[in-house]
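K.L.:
Give the three-dimensional model of this entry:
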Amino acid sequence: MNSCLTNAPLSWRTDRSVSPEIGKMTAQFISDVCSGAFNEDWSVSMRRELATALLGVVQLTTSLSKSGSRESMNKESVPSILNSKRFWLSVAALALVRDRSWLALSEKWNDVRTPSQEPVTLCENHDDGMTPAQVFCSDCECALCRECFSVMHLHKRNRSHRVTSLAPPPARLEEIDIHQGCARMRVANLLILFHGESLNGLVELPADPFAALTNAAITAGRSTSSVCRFCGNALDPHNQLVGVCSHPDCVRYSATACCRTLPCGHPCGGIAGEKQCLPCLICASEGTAQDGDDVCVVCFTDRLCAAPCVQLGCGHLLHYHCVRAVLEKRWPGPRIQFRFMNCPLCNVPISHPGLADLLDPLLALKADVAAKANMRLEFDGLLGCTALTDPQSEYFGKPEEYAMDRYMYVLCNVCNKAYFGGESRCQMALQSFQYNAAELVCGGCSAPAGTEVCGRHGAEYLEYNFGTTHFCAACHDDFQRLVCLPRNQFPPCPTGPRATPGEGPCPLRRPHPPAGEEFALGCGICRNISTF
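P.N.:
From the prediction side, this is the model:
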């Protein structure tokens, strides 16, 4: 904004960055007001102001589009729009408007809804009476849309015709769409996409598709097949057959893209090998709330039509390579978590045959962690705790979810199996340090000296807390100092709380290495039974 907007009010303070948390808190406050958290009058007023700010840029574009030629629109109106504070207010409003019906609350809505009195030049080759003309051929003396011009000027003798680009029709209310957590708006040749919950978005400024038509030296009559199916850039003659340019990303996408053509004539936007093609991402399709102009809610950098997509079991569309990247990256930090396996739009578990090679091992790991967490919950005697028996609790009747939230499991770097790493309340403390994945080793693989694997319960219940360190309650509260303490500063056994010298015999009553060295206490279940 600071590089584009030149006349911003001083109160906007575009010279400094704002914390994303402040932006999310502000957006949440406005959403609460709009939802009626205070009263209905405040709700209607806030919705009206958001709609007015959103429609302001539409009227701005309409006034600029009256200036004449297409070239003037490209060279003058776009910078004028980006330099206008009305545009940036509209982008902010676009992130907060949740329903298209809010637009009816604005007084400007009637102005936008009323058809323009100026006549719109229609394509003379179409019979529908509604297709607008985009170019005018002086030699043929007819106004045509892009597709008709491309077909009628394929012959060599027509390639030198003089072509004039026509001004686009004024912006319409139908160019504002809000669905699936994403809002989008078209103004002039700008496409604005914004996701309100994550406060991410993009503004796409495509190259003028008619720039080449006004140059007689360049081959006239480019059709939709002469542009890359992913990025939309013009294709070289040797790439027109495959329909993909030589950009590395587009070449990579073409390796997994479906090569079939849909009945409407557009290429399939899915991946190769699917039994059934996706609905067309360009044409309006019934039963789907997303199309090619929607932004991918995983990457927030490209539209859906810019890369091969998959339709998940929940029905939502995402970039195929984006979903694979999320599943390959897995969870952040040492603790095993499975939220990344859910759809970012509806939080339903991801499912698709093309992702089975990544989902199958993850689902097996999830089942293993759930079984171990349930067993430990039973071992700790928490099956009757308030969190599971209170109807007001979020975990009421959900012991598996409660166990996986209460306990922390880590993936062993040696055997690639999950092992118990303590309670989840220790997770934040553990993730505050730069952990080394090579040090995440379960008790069965570490095999420290003096440790015997339990013949009844195996190595699953070898007691390790906070990585390889066993804390008492007092040391647990002082862990930040203790984990950084050199080994030579630990007192000899017996060691008291907070690394102080103790008195009496060794509390473990068994041989063990010096304090600070890795040592397993043995099977927790057997050790607990022996104390009864």
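
K.L.:
Start and end of stretch 408-425, how far apart?
P.N.:
Chord length of stretch 408-425, first to last residue, is 9 Å (C-alpha to C-alpha, to the nearest Å).

K.L.:
pLDDT below threshold where in the stretch 101-250 of the chain?
P.N.:
Low-confidence segments of the stretch 101-250 of the chain (pLDDT under 70): 110-119, 167-175, 179-181, 187-189, 205-225.

K.L.:
now do 50
P.N.:
209-224 (pLDDT under 50).

K.L.:
what are the ranges of the strands in it?
P.N.:
135-137, 142-144, 163-165, 176-179, 182-187, 190-195, 200-204 (DSSP state E, counting those that start in this stretch).

K.L.:
Buried deepest among those, which one?
P.N.:
Of those, the one with the most neighbours on average (mean count of other C-beta atoms under 10 Å) is strand 182-187, at a mean of 23. (Glycine included, C-beta is placed from N, CA and C.)

K.L.:
Output it as CSV, restricted to C-alpha atoms.
P.N.:
Extracted in CSV, the C-alpha atoms of strand 182-187 (Å, rounded to 0.1, in the frame of the first residue of the first chain):
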residue,chain,number,x,y,z
CYS,A,182,-13.5,-16.2,-0.3
ALA,A,183,-14.7,-12.9,-1.7
ARG,A,184,-13.7,-11.7,-5.2
MET,A,185,-14.4,-8.5,-7.2
ARG,A,186,-13.6,-7.5,-10.8
VAL,A,187,-12.8,-3.9,-11.5
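
K.L.:
partners of that strand in the sheet?
P.N.:
Here strand 182-187 has these sheet partners by DSSP bridges: strand 176-179 (antiparallel), strand 190-195 (antiparallel).

K.L.:
Kindly calculate the angle that the longest one makes with strand 200-204.
P.N.:
So the one you mean is strand 190-195. Angle of strand 190-195 versus strand 200-204, following axes from the mean of the first three to the mean of the last three C-alpha atoms, to 10 degrees, is 170 degrees.

K.L.:
Which residues does strand 190-195 contact?
P.N.:
Residues outside strand 190-195 that contact it (C-beta atoms under 8 Å, 6 or more residues apart in numbering) are 78, 81, 90-91, 94-95, 181-186, 200-206, 293-295, 297, 300, 303.

K.L.:
chain center to it, what's the gap?
P.N.:
14 Å (C-alpha atoms, centre = their mean, to the nearest Å).

K.L.:
Please name the nearest non-neighbouring residue to residue 419.
P.N.:
Counting by C-beta to C-beta, 6 or more residues apart in numbering, residue 419 lies nearest to residue 442, which is 3.6 Å off, once chain neighbours are set aside.

K.L.:
ok, back up a step: how about the strands of the stretch 101-250 of the chain in CSV, adding distance to residue 354?
P.N.:
Formatted as CSV, the strands of the stretch 101-250 of the chain follow (distance: least, C-beta to C-beta, whole Å):
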stretch, distance to residue 354
strand 135-137, 41
strand 142-144, 41
strand 163-165, 42
strand 176-179, 25
strand 182-187, 23
strand 190-195, 24
strand 200-204, 25
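
K.L.:
how about the ones you listed, which one is nearest residue 315?
P.N.:
For these, proximity to residue 315 was assessed by C-beta to C-beta; strand 176-179 is nearest, at 12.6 Å.

K.L.:
Just the C-alpha atoms of the closest one, please, in CSV.
P.N.:
What follows is strand 176-179, C-alpha atoms only, in CSV (Å, rounded to 0.1, in the frame of the first residue of the first chain):
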residue,chain,number,x,y,z
ILE,A,176,-18.8,-9.2,-6.9
ASP,A,177,-19.1,-12.7,-5.5
ILE,A,178,-18.8,-13.9,-1.9
HIS,A,179,-18.7,-17.6,-1.2
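
K.L.:
Give the burial count for residue 487, as a bare number.
P.N.:
If you count neighbours by other C-beta atoms under 10 Å, residue 487 ends up with 9.

K.L.:
Repeat that for residue 511.
P.N.:
9.

K.L.:
now residue 341
P.N.:
By other C-beta under 10 Å, 19 other residues sit near residue 341.

K.L.:
Could I get the full set of strands for the stretch 251-400 of the chain?
P.N.:
In the stretch 251-400 of the chain, the segments counted as strands under DSSP E, counting those that start in this stretch are 309-311, 317-319.

K.L.:
still on that earlier bit, switch the strands paired with strand 182-187 over to CSV; also include distance to residue 266.
P.N.:
Conversion of these to CSV gives the following (distance: least, C-beta to C-beta, whole Å):
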stretch, distance to residue 266
strand 176-179, 19
strand 190-195, 18
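
K.L.:
nearest to residue 478, of those?
P.N.:
strand 190-195 (42.9 Å).

K.L.:
So, low pLDDT: which residues of the stretch 351-500 of the chain?
P.N.:
432, 449-450, 464-468.

K.L.:
one step back: the strands of the stretch 251-400 of the chain: which one's closest to residue 33?
P.N.:
Nearest to residue 33 among the strands of the stretch 251-400 of the chain is strand 317-319 (31.7 Å), distances taken as C-beta to C-beta.

K.L.:
so what strands line up beside that closest one?
P.N.:
Strand pairing for strand 317-319, determined by DSSP bridges: strand 309-311 (antiparallel).
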